[in-house]
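Asker: Sequence first, predicted model second:
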Amino acid sequence: MDFSTFTNQSPAHNDFRSDTFTTPTLSMVNSLATTSLGDAVYNEDDKTTQLEKKVAELTGKEAGLYCVSGTLSNQIAMRVNLFQPPYSILCDARAHVYVHEAGGMSTLTQAMPQTIMPKNGIHLTLEDDILPNFIPDDGEIHSAPTKLICLENTLHGMIFPIEEIKKISNFCKENDVKLHLDGARIWNASAETGISLKEYSMYFDSVSLCLSKTLGAPVGTVLVSDKKFILKANHFKKQNGGGIRQSGLLASMAIVAIDENFEKLKDTHKMAKELGELCESKGIILEHPVQTNFVFVDIAANKISPSKLIEISDKYGVKIYSGRVSFHYQISQDSFEKAKKVIVEAFDYAKEHPFEEVHNFKFYTAENK
């Protein structure tokens, strides 16, 4: 095998579309030589079991379940947390479980979504957002009681404060409501705040931790909870076509990703914050505060033409095809410098040629290359 593909600069060095574009490293590929080849559907693969135990221990949970994606882990977690409809799931209106999982919340769980835009614009709070919208299970037959609350940390790169998580968790326990965390990028929150994964996770009934976002594993997410929960989650995983046979190949690379890349996350945050500070100094309006590895440039407010942004990005040889600028550990310094030029040039062009049309940008279309 020609290993130069894995030792040279990653093809993702100039890709700011998402932190999912990272490519496997040489150490990940080398781990395949000593991986196990058991059948994970029969719980007979040692590496998969090792990965599940590793993440469970990091989060202080009894057990873990390796899934092919965060969508699968979130959806089966919601399903296990719920019992008999009618019921509702309360979440942020921007939450991945609601916006980006193909309507699975409704079709797979039969739940009514209760979506809330936080009053503070950053994260849900108990007093301002949850209490005014909570539907109690009090015998009122016209309603679908709130039986599950889903939080996301980070959401759009913003960190959910641990003190607010504690308040919401206590409320859930007092009212017999389950609490799930879409922790796809909880690694980033932990790296930035110094709060351990275990401390974050202790307040939730279930947590989904992505391995292919930000950490750089090629495939997968681990769902953690107690043993009874994970046993039932595995049942729904199989039902949804998520069984993986020789998943040790993937699990080996995921273990390397955790061990080698977790400590690199804070450097990606520094890059994002530097871009955010540059934007603020130039008067470029941002949608959200920059707290971890994302910068959200408000395309509409800055009157930037989406097609012009793509044109300028292509000119500099980087991939910034929307206002969401994502940083990962394989971004090169040269690409970062070019990215700054792209944003400033697109903004300067917009001042002379403001884009006034409505543009509903889609991340996953041919238009977005």
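Answerer: Done, it's in.

Asker: Return the list of helices and strands in contact with the helix or strand in which I230 is found.
Answerer: Secondary-structure element containing I230, defined by DSSP states H and E: helix 227-239. Contact analysis of helix 227-239 by 3 or more C-beta pairs under 8 Å, 6 or more residues apart in numbering; DSSP states H and E lists strand 63-67, helix 70-81, strand 221-225 as its packing neighbours. Using the backbone N, CA and C atoms, a C-beta is placed for each residue, glycine as well.

Asker: quick check: angle from the helix or strand following it to strand 221-225?
Answerer: Where DSSP H and E defines the elements, the next helix or strand beyond helix 227-239 is helix 248-261. Taking axes from the mean of the first three to the mean of the last three C-alpha atoms, to 10 degrees, helix 248-261 and strand 221-225 form an angle of 80 degrees between their directions.

Asker: what does helix 248-261 contact?
Answerer: With contacts defined as C-beta atoms under 8 Å, 6 or more residues apart in numbering, helix 248-261 is touched by 24-25, 27-29, 31-32, 34-38, 40, 45-48, 50-51, 54-55, 58, 66, 211, 215-220, 244, 329.

Asker: Show me which residues of it are buried.
Answerer: Neighbour counts using 16 or more other C-beta atoms under 10 Å place 248-258, 261 of helix 248-261 among the buried residues.

Asker: do the same with stretch 193-202
Answerer: Within stretch 193-202, the residues that count as buried by 16+ other C-beta under 10 Å are 195, 197, 200-201.

Asker: and L181, bridged to which residues?
Answerer: L151, V207 (DSSP bridges).

Asker: can you pull the contacts of it?
Answerer: L181 makes contacts with 150-153, 200-201, 204, 206-208, as judged by C-beta under 8 Å, 6+ apart.

Asker: 6 Å - rerun?
Answerer: Neighbour list for L181: 151, 204, 207 [criterion: C-beta atoms under 6 Å, 6 or more residues apart in numbering].

Asker: Strands along the protein, start to end?
Answerer: Along the chain, counting by DSSP state E, strands occupy 63-67, 88-92, 112-116, 146-152, 178-182, 206-210, 221-225, 294-296, 324-326.

Asker: Could you dump those into CSV with distance to F6 added?
Answerer: As requested, these are exported to CSV (distance: least, C-beta to C-beta, whole Å):
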stretch, distance to F6
strand 63-67, 23
strand 88-92, 38
strand 112-116, 42
strand 146-152, 32
strand 178-182, 31
strand 206-210, 22
strand 221-225, 23
strand 294-296, 27
strand 324-326, 22
